[in-house]
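> attaching a predicted model along with its sequence, questions to come.
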Amino acid sequence: MINSKRIGRQLRDLRISRGWKQKELAEMVGLSRPAMSNIESGKRSLTLNTLNRFCEVFNVDISYFGIETSNFDEAVDLMARVEAIFNSDELPDDRKDDLYRRIMQIYLDSKK
């Protein structure tokens, strides 16, 4: 599980150590300045894709944020596969909706 508050503090510390303003970092990763502020304060959760963009900008491994690399690689692979399914024309929209509901149920069950 991603600890948003801790990672937000780590991102803020990295940004400050580079002498960057929130707006500068936000632009580098494709976010708004208010979104960047919410991430740093822990008010906004991060997706693995967004966290990966921060890793690229700061040139740090995902493990810097306490996430095991093997788990991250598996999650990124799964996300790429799901994205390919949802972007495909081969699966009808009603099947995509059903698949989305099933994925969300798995996610919600994992939060219990």
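Okay, I see it. Residues are numbered from 1 along each chain as shown.
> pLDDT at Phe72, what is it?
Predicted confidence (pLDDT) for Phe72: 63.
> gap between the residue nearest the centre of the chain and Leu31?
For the chain, the residue sitting closest to the mean C-alpha position, by Cα atoms, centre = their mean, is Thr47 at 1.9 Å. Look at Thr47 and Leu31: by Cβ to Cβ, to the nearest Å, they are 11 Å apart. All C-beta spots, glycine's among them, are computed from the backbone N, C-alpha and C.
> what does Leu78 give?
For Leu78 relative to Leu31 (Cβ to Cβ), the value is 23 Å.
> between these two, which is the more surrounded one?
Neighbours per residue, other Cβ atoms under 10 Å: of Leu78 and Leu31, the larger number sits with Leu31, 20 against 12.
> quick one: contacts for the more buried one?
Ile39, Thr50 (Cβ atoms under 8 Å, 6 or more residues apart in numbering).
> what's the first helix or strand after the host helix or strand of Asp77?
Taking DSSP states H and E as the definition, Asp77 sits inside helix 69-87. Next in sequence after helix 69-87, counting helices and strands by DSSP H and E, comes helix 93-110.
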